[in-house]
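Undergrad: Here is my input; please provide its structure:
(one chain, ligands or ions: 1)
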Amino acid sequence: MQRYSAFALAREAMRFHSGWERAWRSPEPKRKYDVVIVGAGGHGLATAYWLGKNHGITNVAVIEKGWLGGGNTGRNTTIIRSNYLQDPSAAIYEKSRSLYETMSQDLNMNVMFSPRGVMMLAQTQHEIRGYQRTAHANALQGVDTEFIGPERVKELCPIIRIDGPRYPVLGALWQPRAGTARHDAVAWGYARACSDMGMDIIQKCEVTGIRREGGKVAGVDTTKGPIDCDKLGIVVAGHSGHLADMAGFRLPIESVALQALVSEPIKPCMDVVVMANTVHGYMSQSDKGEMVIGGGADGYNNYTQRGSFHHAEETVRALVETFPVISRLKMLRWWGGIVDMTGDRSPIISKTPVENVFINCGWGTGGFKAIPGSGWAMAELMAKGTSSLADSFSLDRFREGRFIDESVAAGVAH
Ligand SMILES: Cc1cc2nc3c(=O)[nH]c(=O)nc-3n(C[C@H](O)[C@H](O)[C@H](O)COP(=O)(O)OP(=O)(O)OC[C@H]3O[C@@H](n4cnc5c(N)ncnc54)[C@H](O)[C@@H]3O)c2cc1C
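TA: Numbering: from 1, shown residues only. Have a look, this model is predicted:
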C-alpha cells in the first residue's frame, strides 16, 4: 500500500498528482472465501479489517450492492460519543471512541477525528435527573463525562440561547473527548487497509440469496454469480430483515427513514456538538462551515432514502428556538437513510439460528460512532464464537427478556 504522508503529498504535487495508486482494488469475486461479509458500510468493513488484523483471517470478501460507504455510513451526522447508561453499551461505545482517537494513524488515512466535545442539553427537570444519573453511571464505567450547569453551557457554546421561551437550557451532560469524524474517510480507510491485506471488496454486487446445507451456511447467490463461504457476516443496517429472511430466520427489527440536512457555509461560530433531545434536533459545524443538522426518525416503517418535509420543519423550528442566530440560514442539502431499530434501541451482534451465519445490525440512529468497536467485537465473535464486547448483544436477549434499554435512558440515540 502506498503510504500517505506529507512527503508523499509534496512529491505528488511536484509531478501533477500523476503517481497516486488506486486506494483499493476492484476484483472479480472468487468462487470461494473463508468469510463473506455482506455490506460494505463502516461496520462491515471494520469487521473485515479486524478479522485480518486481530485474527489473521484474510481470505475475506466484502460484498456491496451499491458503492462502499453509500449506505448510512455516508449519510450520518458523524456524532461520536460514549455516554450511554447501561454497562454493555458504555463498554462497546467507549472502546469505539478510543479506537477513533488513533484511527488516522492506524489506517494511515486522515479521518479528521475531532474530539471537540458533545453536550446533551437538559431542558426539563426529568432530563436533569436522567443525565445526572448517566454521569454517575459513566463515572463507574470509566467514561469521562460530567453534568454541567447552564452558565458553563453558554461559555462552551456562546450562540446558544439558555433562557428560551418553551424549554430553557437547565444544564447538559458534557463529554469533552466526544466529537465528530469524516464519515466517508472512515469507510475509505478501512476499505484501503482491507484491500492491502488481500481482501476483496466487491462493489455493485447484490446478494440475492443465502444457500444453506444441513443447517449450515454454504454460500451466497449474487448478481455476479454464486460465492461459497465457510462463514457469513450480515452487516446491512436497514436491509437486515431482508437478508435474515433469505437465511430463513426473523429479526426483531424495524426499518425507518432518518434524515439530516446542512445549511449554507458560514464562518466558524460553534466548536462543540449540541444535542437537544427534548425538542429533537442536534447541530454541529463542519470544517467547511456548514451547520450539520439532524432530526427525528419517521414514525412509520419505510425504505425511502430521503427526508420527509414535516420532520425537517420540526427540527429546524426546534433548533431556531435554541439557536436564534441560525434563523436566516439557507438549507443547502437534505437527505435520509434507512436505519434499523430494535425495541430496546441497542444493537444486535450475534450468532443466528443458521450455523456460521452471524449478524450485526440494530445500530439505528447511532451506529457511526460504534464502527471500530463493533467491527472489533463482530470479528472476535466470528473468529472465536464469543466476544466479551458482543455477547450481551446477542439475539437471545429478546427471548430471555434481557433488554439493554437505551431508549428510555438516552431518549435519542445519535
Ligand atoms: C441521517 C442520519 C444521521 C445519523 N447520524 C448519526 C450520528 O450522528 N452518529 C452516529 O453514531 N450514527 C448516526 N447515524 C447512524 C449511522 O449512520 C448508522 O448506524 C451506521 O452508519 C450503520 O452503518 P452500517 O455499516 O451498519 O450500515 P450501512 O452504512 O448502511 O451499510 C450497509 C450496506 O449494506 C449494503 N447492502 C444492503 N443490502 C445488500 C445486499 N442485499 N447485498 C449487498 N449489499 C447490501 C448497503 O448498500 C449498504 O452500503 C445516522 C444515520 C442517518 C441515516
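
Undergrad: Please, where are all the helices along the stretch 1-150 of the chain?
TA: Shown for the stretch 1-150 of the chain, the helices assigned by DSSP state H, counting those that start in this stretch span residues 6-14, 42-55, 87-101, 103-107, 125-141, 150-156.

Undergrad: hey, which of those is tucked in deepest?
TA: Among the helices of the stretch 1-150 of the chain, ranked by average contacts under mean count of other C-beta atoms under 10 Å, first place goes to helix 42-55 (a mean of 27). Yep, even glycine has a C-beta here, placed from its N, CA and C like the rest.

Undergrad: What helices and strands are in contact with that helix?
TA: strand 32-38, strand 60-63, helix 183-196, strand 357-361, helix 371-384 (3 or more C-beta pairs under 8 Å, 6 or more residues apart in numbering; DSSP states H and E).

Undergrad: any chance of the ones you listed in CSV, plus distance to the ligand?
TA: Output for the helices and strands packed on helix 42-55, formatted as CSV (distance: least, C-beta to the nearest ligand atom, whole Å):
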stretch, distance to the ligand
strand 32-38, 5
strand 60-63, 5
helix 183-196, 7
strand 357-361, 7
helix 371-384, 7
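
Undergrad: Tell me which of the helices of the stretch 1-150 of the chain approaches Leu258 most closely.
TA: In terms of C-beta to C-beta, the element of the helices of the stretch 1-150 of the chain nearest to Leu258 is helix 42-55, at 15.6 Å.

Undergrad: anything in that closest one sitting right up against the ligand?
TA: Yes - using C-beta under 6 Å from any ligand atom, we find that helix 42-55 touches the ligand at Gly42, His43, Gly44.

Undergrad: The most centrally placed residue in the chain and Gly71: what is the separation?
TA: Nearest to the geometric centre of the chain sits Phe368, at 1.5 Å (C-alpha atoms, centre = their mean). Distance, Phe368 to Gly71, by C-beta to C-beta, to the nearest Å: 11 Å.

Undergrad: same question, Cys229
TA: Taken as C-beta to C-beta, the span from Cys229 to Gly71 is 21 Å.

Undergrad: Could you check which of the two is surrounded by more residues?
TA: Using other C-beta atoms under 10 Å as the criterion, Cys229 and Gly71 rank with Gly71 on top: 27 against 24.

Undergrad: picking up where we left off before, with mean pLDDT and distance to Asp391 as added columns, please give the helices of the stretch 1-150 of the chain in a markdown table.
TA: Output for these, formatted as a markdown table (pLDDT from 0 to 100; distance: least, C-beta to C-beta, whole Å):
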| stretch | mean pLDDT | distance to Asp391 |
| --- | --- | --- |
| helix 6-14 | 96 | 42 |
| helix 42-55 | 98 | 16 |
| helix 87-101 | 98 | 9 |
| helix 103-107 | 98 | 25 |
| helix 125-141 | 96 | 17 |
| helix 150-156 | 98 | 37 |
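
Undergrad: Throw those into JSON lines and include distance to Trp363, thanks.
TA: Listed next are the helices of the stretch 1-150 of the chain as JSON lines, based on distance: least, C-beta to C-beta, whole Å:
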{"stretch": "helix 6-14", "distance to Trp363": "34"}
{"stretch": "helix 42-55", "distance to Trp363": "7"}
{"stretch": "helix 87-101", "distance to Trp363": "11"}
{"stretch": "helix 103-107", "distance to Trp363": "18"}
{"stretch": "helix 125-141", "distance to Trp363": "19"}
{"stretch": "helix 150-156", "distance to Trp363": "28"}
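
Undergrad: how does the protein divide up, domain by domain?
TA: Here the domain assignment for the chain is 29-78+183-253+344-410, 118-176+258-341, based on automatic domain parsing.

Undergrad: got the helices and strands packed on helix 42-55 as CSV, with distance to Leu173, mean neighbour count and mean pLDDT columns?
TA: Output for these, formatted as CSV (distance: least, C-beta to C-beta, whole Å; neighbours: other C-beta atoms under 10 Å; pLDDT from 0 to 100):
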stretch, distance to Leu173, mean neighbour count, mean pLDDT
strand 32-38, 35, 24, 98
strand 60-63, 36, 27, 98
helix 183-196, 24, 24, 98
strand 357-361, 27, 27, 98
helix 371-384, 20, 25, 98
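
Undergrad: Columns distance to Ser284 on top of the ones you listed, output as TSV?
TA: Below are those laid out as TSV (distance: least, C-beta to C-beta, whole Å):
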stretch	distance to Ser284
strand 32-38	30
strand 60-63	29
helix 183-196	13
strand 357-361	26
helix 371-384	18
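
Undergrad: Ala312: which of those is closest?
TA: helix 183-196 (20.2 Å).

Undergrad: for the stretch 251-400 of the chain, what spans make up the helices?
TA: 309-322, 371-384, 396-400.

Undergrad: The first one packs against which elements?
TA: Counting contacts by 3+ C-beta pairs under 8 Å, 6+ apart, the secondary-structure elements packed against helix 309-322 are strand 254-263, strand 273-276, strand 281-285, strand 291-297, strand 331-341.

Undergrad: interface residues of the stretch 1-150 of the chain facing the ligand?
TA: Contact residues, the stretch 1-150 of the chain versus the ligand (C-beta under 6 Å from any ligand atom): 38-44, 63-66, 70-73, 75-79.

Undergrad: same thing but at 5 Å, please
TA: Counting by C-beta under 5 Å from any ligand atom, the stretch 1-150 of the chain comes close to the ligand at 39, 41-43, 64-66, 71-73, 75-77, 79.

Undergrad: Need the buried ones from these selected in ChimeraX.
TA: Restricted to buried positions by 16 or more other C-beta atoms under 10 Å, the ChimeraX selection for those reads:
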select :39,41,42,43,64,65,71,72,73,75,76,77,79
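
Undergrad: what's the most distant pair in the residues of the stretch 1-150 of the chain next to the ligand?
TA: Taking C-beta to C-beta, the two most distant members of those are Lys65 and Ile79; they sit 26.5 Å apart.

Undergrad: Enumerate every residue touching the residue in the stretch 151-300 of the chain that the ligand sits nearest to.
TA: Closest residue of the stretch 151-300 of the chain to the ligand, C-beta to the nearest ligand atom: Ala237 (3.2 Å). Applying C-beta atoms under 8 Å, 6 or more residues apart in numbering, we find Ala237 in contact with Gly39, Gly41, His43, Gly71, Asn72, Ile338, Val339, Asp340, Cys361, Trp363, Gly367.
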